[in-house]
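In: Got a sequence here, can you model it:
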Amino acid sequence: MNSYDTGHLIYLILLGLMVLGAYLAHNRLSVNRMLQQATVWALIFFGVVAAIGLWDDISRTAIPRQVNVAGENRIIVPRSPDGHYYLMAQVNGAPLRFVVDTGASDMVLTRRDAQAAGLAPETLNFMGRAMTANGEVRTAPVRLDNITLGSVTDSNVPATVNGGEMTNSLLGMSYLQRWGRIEITQGELILTR
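Out: Here you go, the predicted model:
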């Protein structure tokens, strides 16, 4: 910036201060009201800017999307705000919530979900072992009479019941491989048979 531009900048700043001073002197009795109104408008402006900036997060959280059944043999699962894919399936007639886990070898039920599906966890033989992020856990192999996802029902499905603490049941590869195609695109998991 040369000295000519600096001079113009100083002139404009002084001119702006003089106009602002004249306005304040003319309205000196209503300065408090003017400051209140300016504060309200500033808060409205920043609120709108924040809402626009956070709209994607707000819409994903405030408007939960459900699993869509697209056609006879296609399931679309939206990614949840925590980055996982959750879906509801009927296991032996009981609605259970699963986390889709391509890193899990088997379909794994929590003790609570196994009981809801008509299995008695206290009578199961926890002879298997599995390595999890929380260490080694005991597992019990089971066969589920049926599992229904959308319009697709599979019978005699192998699964395991986790003997340790687990928040959600896992829909692992032993079940997912029954679907012909698994695709993740644009925040959606698509299962096609």
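
In: could you pull out the strands for the chain?
Out: 68-69, 74-78, 86-91, 94-100, 108-109, 128-132, 135-149, 152-162, 169-171, 181-185, 188-192 (DSSP state E).

In: Would you mind listing the outside residues contacting the fifth one?
Out: I take that to be strand 108-109. Applying C-beta atoms under 8 Å, 6 or more residues apart in numbering, the external contacts of strand 108-109 come out as 91, 96, 117, 119, 130, 139, 142, 159-162, 166, 169-170, 172. Any C-beta I mention is one placed from the backbone N, CA and C, and that applies to glycine too.

In: Next: the third one.
Out: With C-beta under 8 Å, 6+ apart as the contact definition, strand 86-91 has outside contacts at 67, 75, 77, 80, 95-100, 109, 113, 116-117, 144, 146-149, 168, 171.

In: average pLDDT across it?
Out: In this model, strand 86-91 has a mean pLDDT of 92.

In: buried ones in it?
Out: Residues Y86, L87, A89, V91 are the ones in strand 86-91 that count as buried (16 or more other C-beta atoms under 10 Å).

In: Could you do the longest one as well?
Out: Buried residues in strand 135-149, counted by 16+ other C-beta under 10 Å: V137, R138, T139, A140, V142, L144, I147, L149.

In: picking up where we left off before, Throw the strands of the chain into TSV and include distance to S30, thanks.
Out: Shown next, in TSV, are the strands of the chain (distance: least, C-beta to C-beta, whole Å):
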stretch	distance to S30
strand 68-69	57
strand 74-78	52
strand 86-91	56
strand 94-100	59
strand 108-109	69
strand 128-132	68
strand 135-149	66
strand 152-162	69
strand 169-171	65
strand 181-185	58
strand 188-192	56
